[in-house]
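Chemist: Need the 3D shape of this:
(2 chains)
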Amino acid sequence: MQPVRVRFAPSPTGALHIGGVRTALYNYLLAKKTNGTMILRIEDTDQTRFVPGAEEYIMKSLEWVGIKIDEGVVQGGPHAPYRQSERKSIYKQYAQKLIDEGNAYYAFDTEEELEAMRNRLKATGSSNQQYSSITRMMMNNSLTLPEAEVKRKLESGDAYVIRLKVPDAEEIALTDLIRGEVKVHSEQIDDKVLMKSDGMPTYHLANVVDDYLMQITHVIRGEEWLPSAPLHVLLYRFLGWEKQMPQFAHLPLLLKPDGNGKLSKRDADKAGFPLFPYNWVDPTSGELSKGFQESGYLPDALINFLAFLGWNPGTEQEIFSMAELVSAFTVERIGKAGARFDILKAQWFNQQYLKAKSNDELAEFLLASLPAGSCTKEKAAKICGMLKERVTFTHDFATQAKFFFEAPAEYDQQVVSKKWNNDAVTVLTAYSQALASIQELTAEAAKTTLENVTTTLGIGSGKIMQALRVSITGAGSGPDLMIAMEILGSTEVVSRINRALSTLKKV
RNA sequence: GGUCCCAUCGUCUAGGGGUUAGGACAUCAGAUUUUCAUUCUGGUAACACGGGUUCGAUUCCCGUUGGGACUACCA
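Modeler: Next up, the predicted model:
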């Protein structure tokens, strides 16, 4: 396949939604697969929705998940600038060309007039309340107003927009790589605003112009754009760029985990899972959106999970590195139906990726949660090695390793009431004495010593294991106790057992 | 309401005119284990419905139903 030029074109209006990450991922995979170019274009033509920090957030997020940008705001490139607000002057000439050739017109209608028009149509029971080939002749625009009047308005600085003059009876067809041929009658397309009254283009004009100028070969975007794709085709045609028109691929949507509808932050909050790469605090509302990073997810696991939401390799392989995804990816294998977002599956991937990491890598997660210098890297690696089979999130190391760094402040009452009995006290008393004489406690020594004690006393070791565990860790469950004791060392183990014996004796 | 898109286990999906409809997550049971977890083994579980086409449809076509997206001077 020829090298493609694809773009991810987010709007900096807030945190980057996970669906956006998947869109970026599919673009990226196709780019890498074909040795092509991945472009990041910031679509900030709506100045009223600009949110400070959003653009940086988007770039940081893409970087975290491993999506590298070839051309963009910070990387630069042959088609700079890559921020649409900085390309403002470019769009005007194309709008002008459309006007000159009779494919667009000036419209002076106020918001109230537009509202009144819609209400009027609604009242008559019209199924279509759009600014269209029928309604445009009843409005204030350069099609209905005398030429002199239009000229006067333009010169006196009256507010105006430029609208596309959609042909009135024509079938517009486009080929979507995922859905095949899609046809829409031009009657259904309204006379979309191309240039807003503030002089900025709308998405429709800007994206077509930029995709053409930036020589984009494939437009891979969410399905929510499918209804306006015919409009874009029209624009390519009127601008004389039909031959250079990119190929379209409209991705299936990410759906709520239960019920129906597009996945939203509300659903994620309700179900208690993140929906954004990093935590994001909305600068105006102060509202927090939880991030995958802070929630303990690994970027590779997230990517693997996301890749499989709407795409599959057709084999039974489940675990894919980014490089493997690149070589396995094809647009043909993208599905058509929306995919429910199942966080449990994401957790499973995370667990798989965590387990596959080396103890040294894992140690970093534990060390990060500890005061500097409180634990050696070797010790942390050893602890993580023991813990890695029982961990789902990166922060699980810290919580599960807690007892290594602090003696239990309290004991699990359930375990105590069930397992703390005379046998346990007898064995633990003898065991602690036996351990006290051991200098270098190994897991092996801890085990044989315990066996010696229990056989001598004639008490099954199984009966007191829980009591031993609770005395050392405070909890009824956890990792291999003998190895844990080795890491803790005999002095600490003995002191913990003795402490438990003195505080729990009465129970 | 209108337009467009979509439809295989609870979820993500493979498959495709004749299959015991496959895998993964989740779930259930058993085994292993010093507990919990891991791991292993096994089980439950799906072609939305109705018409065609055909010797034969889950697969192809049409319709119904259901769901979704869009319907702004937002992207």
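
Chemist: switch to C-alpha atoms for all contacts and neighbour counts from now on
Modeler: OK.

Chemist: For the nearest residue to A:Gln215 once chain neighbours are set aside, give the beta-bridge partners.
Modeler: Computed as Cα to Cα, 6 or more residues apart in numbering, the closest residue to A:Gln215 that is not its neighbour in sequence is A:Arg5, at 6.9 Å. In this entry, A:Arg5 is beta-bridged to A:Thr37, by DSSP bridges.

Chemist: could you list every residue that touches A:Arg5?
Modeler: Under the criterion of Cα atoms under 8 Å, 6 or more residues apart in numbering, the neighbours of A:Arg5 are A:Ala31, A:Gly36, A:Thr37, A:Met38, A:Ile39, A:Gln215, A:Ile216, A:Thr217, A:His218.

Chemist: likewise A:Ser228?
Modeler: Contacts of A:Ser228 by Cα under 8 Å, 6+ apart are A:Ile189.

Chemist: Return the distance of it relative to A:Glu55.
Modeler: For A:Ser228, the distance to A:Glu55 equals 25 Å [Cα to Cα, to the nearest Å].

Chemist: Spell out which helix or strand contains the residue of chain A positioned farthest from its centre, please.
Modeler: Distance from the C-alpha centroid of chain A, by Cα atoms, centre = their mean, peaks at A:Thr456 (58.8 Å). Taking DSSP states H and E as the criterion, A:Thr456 maps to helix A:443-457.

Chemist: next helix or strand past that helix?
Modeler: Following helix A:443-457 in sequence order, the next helix or strand is helix A:461-473 (DSSP H and E).

Chemist: which other residues reach that next one?
Modeler: Helix A:461-473 has contacts (Cα under 8 Å, 6+ apart) with A:403, A:407-408, A:411-412, A:415-416, A:419-420, A:423-424, A:427-428, A:450-451, A:454, A:475-477, A:481, A:493, A:496-497, A:499-501.

Chemist: what does the stretch 401-507 of chain A have sitting close to RNA strand B?
Modeler: A:Gly462, A:Met465, A:Gln466, A:Arg469, A:Gly476, A:Ser477, A:Gly478, A:Pro479, A:Asp480, A:Leu481, A:Met482, A:Ile483 (Cα under 7 Å from any atom of the strand).

Chemist: List only buried entries from these.
Modeler: Buried residues within those, counting neighbours by 16 or more other Cα atoms under 10 Å: A:Met465, A:Gln466, A:Arg469, A:Gly476, A:Pro479, A:Leu481, A:Met482, A:Ile483.

Chemist: nearest to A:Val326, of the residues you listed?
Modeler: A:Pro479 (37.6 Å; Cα to Cα).

Chemist: out of the contacts of A:Arg5, who has the most neighbours?
Modeler: Counting neighbours by other Cα atoms under 10 Å, A:Ile39 comes out on top of these with 27 neighbours.

Chemist: which stretches of the stretch 201-350 of chain A have low pLDDT?
Modeler: A:259 (pLDDT under 70).

Chemist: which stretches of it form strands?
Modeler: For the stretch 201-350 of chain A, the strands defined by DSSP state E, counting those that start in this stretch cover A:218-222, A:247-251, A:254-255, A:280-281, A:288-289, A:339-340.

Chemist: To RNA strand B, which of these lies closest?
Modeler: strand A:339-340 (3.8 Å; Cα to the nearest atom of the strand).

Chemist: what sits up against that closest one?
Modeler: Contacts for strand A:339-340 (Cα under 8 Å, 6+ apart): A:Pro252, A:Leu253, A:Leu254, A:Leu255, A:Lys256, A:Pro257, A:Asp258, A:Leu309, A:Gly310.

Chemist: just stretch A:80-91 next, same as before
Modeler: By Cα under 8 Å, 6+ apart, the list of residues contacting stretch A:80-91 reads A:40-45, A:72-73, A:76, A:199-201, A:205-206, A:209.

Chemist: what's the offset of it from the middle of its chain?
Modeler: 27 Å (Cα atoms, centre = their mean, to the nearest Å).

Chemist: With adjacent residues omitted, what lies nearest to A:Asp342?
Modeler: Using Cα to Cα, 6+ apart, the closest residue to A:Asp342 is A:Pro257 (5.7 Å).

Chemist: wait, what's in contact with that neighbour?
Modeler: A:Pro257 touches A:Leu263, A:Asp267, A:Arg340, A:Phe341, A:Asp342, A:Ile343, counting by Cα under 8 Å, 6+ apart.

Chemist: dump the residue contacts of the first one.
Modeler: Right, A:Leu263. Listed by Cα under 8 Å, 6+ apart, the contact set of A:Leu263 reads A:Leu254, A:Leu255, A:Lys256, A:Pro257, A:Phe341.

Chemist: The fourth one now?
Modeler: With contact set as Cα under 8 Å, 6+ apart, A:Phe341 has these partners: A:Leu254, A:Leu255, A:Lys256, A:Pro257, A:Leu263, A:Leu309.

Chemist: And the last one, by the same measure?
Modeler: Contacts of A:Ile343 were listed using Cα under 8 Å, 6+ apart, and they are A:Pro257, A:Phe273.

Chemist: same question, A:Pro299
Modeler: Shown here is A:Pro299, whose contacts under the criterion Cα under 8 Å, 6+ apart are A:Trp64, A:Val65, A:Gly66, A:Gln293.

Chemist: how near is the last one to A:Pro299?
Modeler: This means A:Gln293. As judged by Cα to Cα, A:Gln293 and A:Pro299 stand 8 Å apart.

Chemist: swap in A:Leu25?
Modeler: 12 Å.

Chemist: and what of A:Ala500?
Modeler: Using Cα to Cα, A:Ala500 is found at 42 Å from A:Pro299.

Chemist: How about the residues of the stretch 51-200 of chain A by RNA strand B?
Modeler: Within the stretch 51-200 of chain A, the positions adjacent to RNA strand B are A:108-111, A:127-130, A:159-161, A:179-185, A:188, A:192-193, A:195-198 by Cα under 7 Å from any atom of the strand.

Chemist: Take these and keep only those in strands.
Modeler: A:Val161, A:Gly180, A:Glu181, A:Val182, A:Lys183, A:Val184, A:His185, A:Val193, A:Met195 (DSSP state E).

Chemist: Derive a PyMOL selection command for the buried subset of those.
Modeler: In PyMOL syntax, the buried subset of these is picked out as below (16+ other Cα under 10 Å):
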select buried, chain A and resi 161+184+193+195
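
Chemist: what two of the ones in strands among the residues of the stretch 51-200 of chain A next to RNA strand B have the greatest distance between them?
Modeler: Longest span within these, Cα to Cα: A:Val161 and A:Gly180, 34.2 Å.

Chemist: host element of A:Asp190?
Modeler: Counting by DSSP H and E, there is no helix or strand that carries A:Asp190.

Chemist: Verify the stated contact: it with A:Ser132.
Modeler: Yes: between A:Asp190 and A:Ser132 there is a contact under Cα atoms under 8 Å: 4.9 Å.

Chemist: And the pLDDT for A:Asn119?
Modeler: Note for A:Asn119: predicted pLDDT of 89.

Chemist: Am I right that it falls within a helix?
Modeler: Yes: judged by DSSP: H, G, I helix; E, B strand; the rest coil, A:Asn119 forms part of a helix.

Chemist: how close does it get to A:Ser127?
Modeler: 12 Å.

Chemist: now swap in A:Leu239 and tell me
Modeler: In terms of Cα to Cα, A:Leu239 sits 31 Å off from A:Ser127.

Chemist: which one of these two has more residues nearby?
Modeler: Neighbour comparison, A:Leu239 and A:Ser127: the larger count goes to A:Leu239, with 17 against 8 (by other Cα under 10 Å).

Chemist: Grab the nearest non-local neighbour of the more buried one.
Modeler: Spatial nearest neighbour of A:Leu239, excluding adjacent residues (Cα to Cα, 6+ apart): A:Leu98 at 7.0 Å.
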